[in-house]
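# Task: produce atomic coordinates for the following.
(one chain, ligands or ions: 2)
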Amino acid sequence: MTKIAPSILSADFARLKEEILEVEQGGADYIHVDVMDGHFVPNITIGPLVVEAIRPITSLPLDVHLMIENPADYIDAFAKAGADIISVHVEASVHLHRTIHAIKNAGVKAGVVINPATPAEMLYPILKDIDLVLFMTVNPGFGGQAFIADVLSKIKQVDKWRQDFAPHVEFEVDGGINQTTAKLCTDAGVDVLVAGSAIFNEKNRENAIQNIRNATK
Ligand SMILES: O=C(CO)[C@H](O)[C@H](O)COP(=O)(O)O
Ligand SMILES: [Fe+2]
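Residues are numbered from 1 along each chain as shown. Ligands and ions are numbered 1, 2, ... in the order given. Alright, predicted model coming up:
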């Protein structure tokens, strides 16, 4: 079954606990946490303190998406705060192999994120070492942007490598996911759909989650 990871970027931060409980009760599989530093992306969001604060609220895995420069410097802080998956951008990681192993050594699942304009080949050397690939289907930085369909061919390319030598790797997409784009992604091999505005802009979060999941069948 397709997994759904609501992005709290589009939640009401004044009611964050209730928002997280609503999507958990509505059938979410992960809670997606967008960390932005105002350097790697032109927006500033949340840090380890917020991850630590939401950790006791939910039993769902916390899927932490680091959109920051020098992500290796912050692995321990996010691991200690309670992250279950930490994903770093290939574009921000000079020593990607070292950073991935630092995440794993911290006892956390390691993900690698790739921007829409970054070629699939960047993933090839490290695919077997990681737990998750997060394909950006928008340029990172903001919720509510339009899906970039060109990324689908890249997902299909990496899926061939996955079938060849890395069948354990989960594929996730992030950005512009709704009932229409969800199906395009799962048809290309995606296992986990991040959705922010398509879930938190709807009054009934359970219906929103179910509608996206049902659209992929
Ligand atoms: O990483 C992100 C933005 O950089 C968010 O996870 C993503 O944008 C989710 O928002 P939406 O579903 O509204 O596009
Ligand atoms: Fe994200």
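
# Tell me which helix or strand the one residue in the chain that gets nearest to ligand 2 sits in.
Closest residue of the chain to ligand 2, C-beta to the ion: His65 (3.8 Å). To be clear about C-beta, it is placed using only N, CA and C from the backbone, and glycine gets the same treatment. Using DSSP states H and E, His65 sits in strand 62-67.

# got the contact list for the helix or strand following that strand?
Proceeding N to C from strand 62-67, the next assigned helix or strand is helix 75-81, under DSSP H and E. Contacts to helix 75-81, defined as C-beta atoms under 8 Å, 6 or more residues apart in numbering, come from residues 35, 47-49, 51-52, 55, 64, 66, 86, 99, 102-103, 106-108.

# Buried members of those residues into PyMOL, please.
To isolate the buried subset of the contacts of helix 75-81 in PyMOL, counting by 16 or more other C-beta atoms under 10 Å, use the following:
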select buried, resi 35+47+48+51+64+66+86+99+102+103+106+108
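
# Pairing partners for the residue of the chain closest to ligand 2 in the sheet, please.
As for beta bridges, His65 partners with Asp34, Ser87 under DSSP bridges.

# Can you get me a residue count around Tyr124?
14 (other C-beta atoms under 10 Å).

# what sits against it?
Counted by C-beta under 8 Å, 6+ apart, Tyr124 has contacts Trp161.

# Name the SS class of it, please.
helix (DSSP: H, G, I helix; E, B strand; the rest coil).

# What's the separation between it and Asp150?
Distance check for Tyr124 against Asp150: by C-beta to C-beta, to the nearest Å, it reads 19 Å.

# contacts for stretch 91-105?
Against stretch 91-105 from outside (C-beta under 8 Å, 6+ apart): 40, 66-72, 75, 79, 86, 88, 90, 109-110, 112, 114-115, 118, 125-126, 129-130.

# any idea which of the contacts of helix 75-81 is the one closest to Leu193?
Leu193 lies nearest to Val64 out of the contacts of helix 75-81, by C-beta to C-beta, at 16.9 Å.

# That closest one contacts Val51, doesn't it?
Yes - using C-beta atoms under 8 Å, Val64 is in contact with Val51, at 6.4 Å.

# List the contacts of Leu60.
So Leu60 contacts 24, 28-31 (C-beta under 8 Å, 6+ apart).

# An error on my part: the question was meant for Val133.
111-114, 123, 127, 158, 169-172.

# what is the rounded mean pLDDT of the helix or strand harbouring it?
If you go by DSSP H and E, Val133 is part of strand 132-136. Averaging pLDDT along strand 132-136 gives 99.

# List the buried residues for it?
132-136.

# mind putting these in a markdown table, distance to ligand 1 included?
Formatted as a markdown table, the buried residues of strand 132-136 follow (distance: C-beta to the nearest ligand atom, whole Å):
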| residue | distance to ligand 1 |
| --- | --- |
| Leu132 | 14 |
| Val133 | 14 |
| Leu134 | 9 |
| Phe135 | 11 |
| Met136 | 7 |
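
# Many thanks, have a good one.
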